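Trainee: Okay, sequence plus prediction incoming.
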Amino acid sequence: MDPHWLTDSFAGFRYITFRAACAAVTAFLLCLLLGPLVIRLLSRRRIHENIEKKDSERLSELHKEKRHTPTMGGLFVIAAVVLSAAIWIHPSDPFAMWALLVIVGHWLLGFLDDFIKLTLPGRKGLNVLSKLSGQILIGLLVGYGITISMQELHVVGGRDLWLPLLKVRIDLGLAYPFFAMLVIVSASNAVNITDGLDGLATGCITVAALCYAGVAYAAGRFDYSRFMEIPYVPGAGELAVLCAAIAGAGLGFLWYNCNPASIFLGNTGALPLGAALGFVALVSKQELLLFLIGAIFVIETVTVIIQIISFRCFGRRVFKIAPIHHHFQFEGWAEPKIVIRFWIVAAVLALLSFAVLKARWTPYAPPQNPSRAAPDRPR
């Protein structure tokens, strides 16, 4: 839908900032409206997380009060994001179609995983190979799509990897679609790993989406990108509207997902939201900044990798349990305290990312002024 038919009567629709705000409010209201309907539907069909299937008996005991809480909340979260973005993003945006593909593709993949796991007895969802193959296929398609769109827009360095502090580019050439696939797959799985406590992944995604809204907006404006010395990508500014829709939907979902949660996000929501974050990072040419903006997701994933390597190679566990948010539960931290502290860390690191975006690192060189050079010493 094109909101610009109202441009003649109200000039605000011309501006990305106005439409981004409207997208956030629209997604928020859609979540508030759709939430109770989906929660009742899922509760009636008894689609809830199986606490007994958790790998740790102690973790199952800690989460026993969640056993009747429905999951697959991504059904209405992603619906709110897609509808809001469809209304407020300019239809001529070259990246809109690829954003839709990456979100809907991962939404379907997560839905199948959740549906099989929660409705078919004895099944644990899609096997790892099937799910990963689907993610890789979507990632490669979107990677090629981004490459084609960059070429059509004549973006300088469209296949480059941008190093923020050094302000230099690395040409990835034909390997760029595979790099894009890696970013999308990693981001989607990292958010999925983080989704383990009430409101944890949702709050962190909201912070990251707000931060990337600013990054995408700056990348899409020639004057801002020139001032901040970052790549200029025409059309990237429209993704600020998508990020705002994700943030609004995140706040709307937190209405029902805050402790004690009335519904969980599930793979249906975690996979597409993470993939969308990776997609915006790729289009705005700020993929490495994702390590700061999405630092909580990175930390959660790294703790799982460390735990697996340590146990398989040395027979020891570095953490009491991975990912790390469950480790803090085992240490005796209350769930709301863990979630809020993780939100604080996510917000601080997101703010730090703006400093890194603007900053330039240069090796120190002592000033040289020949007129004030020290006189030669007598021999």
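Mentor: Received, thanks.

Trainee: Dead centre of the chain: give me the residue that sits there.
Mentor: Leu277 (3.2 Å; CA atoms, centre = their mean).

Trainee: didn't that one look like it was pressed against Gly294?
Mentor: Yes. At 6.4 Å, Leu277 counts as touching Gly294 under the criterion of CB atoms under 8 Å. In short, each C-beta sits where N, CA and C put it, glycine included.

Trainee: so what does the helix or strand hosting Ala79 touch, helix or strand wise?
Mentor: Using DSSP states H and E, Ala79 falls within helix 74-88. When contacts are defined as 3 or more CB pairs under 8 Å, 6 or more residues apart in numbering; DSSP states H and E, helix 74-88 sits against helix 16-44, helix 96-119, helix 239-257, helix 266-283.

Trainee: Can you say which of the ones you listed is nearest to Tyr232?
Mentor: helix 266-283 (12.1 Å; CB to CB).

Trainee: before we move on, the earlier item: most tightly surrounded among the helices and strands packed on helix 74-88?
Mentor: Counting by mean count of other CB atoms under 10 Å, helix 266-283 has the highest mean neighbour count of those, with a mean of 29.

Trainee: Output the contacting helices and strands for that one.
Mentor: helix 74-88, helix 96-119, helix 128-152, helix 176-194, helix 200-219, helix 239-257, helix 290-293.

Trainee: Export the helices and strands packed on helix 74-88 as a markdown table, with columns for distance to Trp343.
Mentor: As requested, the helices and strands packed on helix 74-88 are arranged in a markdown table below (distance: least, CB to CB, whole Å):
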| stretch | distance to Trp343 |
| --- | --- |
| helix 16-44 | 18 |
| helix 96-119 | 23 |
| helix 239-257 | 10 |
| helix 266-283 | 16 |
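
Trainee: Indicate which one of these is closest to Ala208.
Mentor: The closest of the helices and strands packed on helix 74-88 to Ala208 is helix 266-283. By CB to CB, the value is 5.8 Å.

Trainee: circling back: among the helices and strands packed on helix 74-88, which comes closest to Val183?
Mentor: The nearest among those, by CB to CB, is helix 266-283 at 4.6 Å.

Trainee: Would you mind writing the CA trace of the worst-scoring helix or strand of the chain on mean pLDDT as PDB?
Mentor: None of the helices or strands of the chain scores lower by mean pLDDT, DSSP states H and E than helix 57-62, at a mean of 83. What follows is helix 57-62, C-alpha atoms only, in PDB (Å, rounded to 0.1, in the frame of the first residue of the first chain):
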ATOM      1  CA  GLU A  57      16.000 -31.400  35.200                       C
ATOM      2  CA  ARG A  58      16.900 -28.300  37.300                       C
ATOM      3  CA  LEU A  59      15.900 -26.000  34.400                       C
ATOM      4  CA  SER A  60      12.600 -27.800  34.000                       C
ATOM      5  CA  GLU A  61      12.000 -27.300  37.700                       C
ATOM      6  CA  LEU A  62      12.800 -23.600  37.500                       C
END
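
Trainee: buried set for it?
Mentor: Going by neighbour count (16 or more other CB atoms under 10 Å), the buried part of helix 57-62 is 59-60, 62.

Trainee: From those residues, pick the one nearest Glu287.
Mentor: Leu59 (33.3 Å).

Trainee: contacting residues for that closest one?
Mentor: 321, 326, 329 (CB atoms under 8 Å, 6 or more residues apart in numbering).
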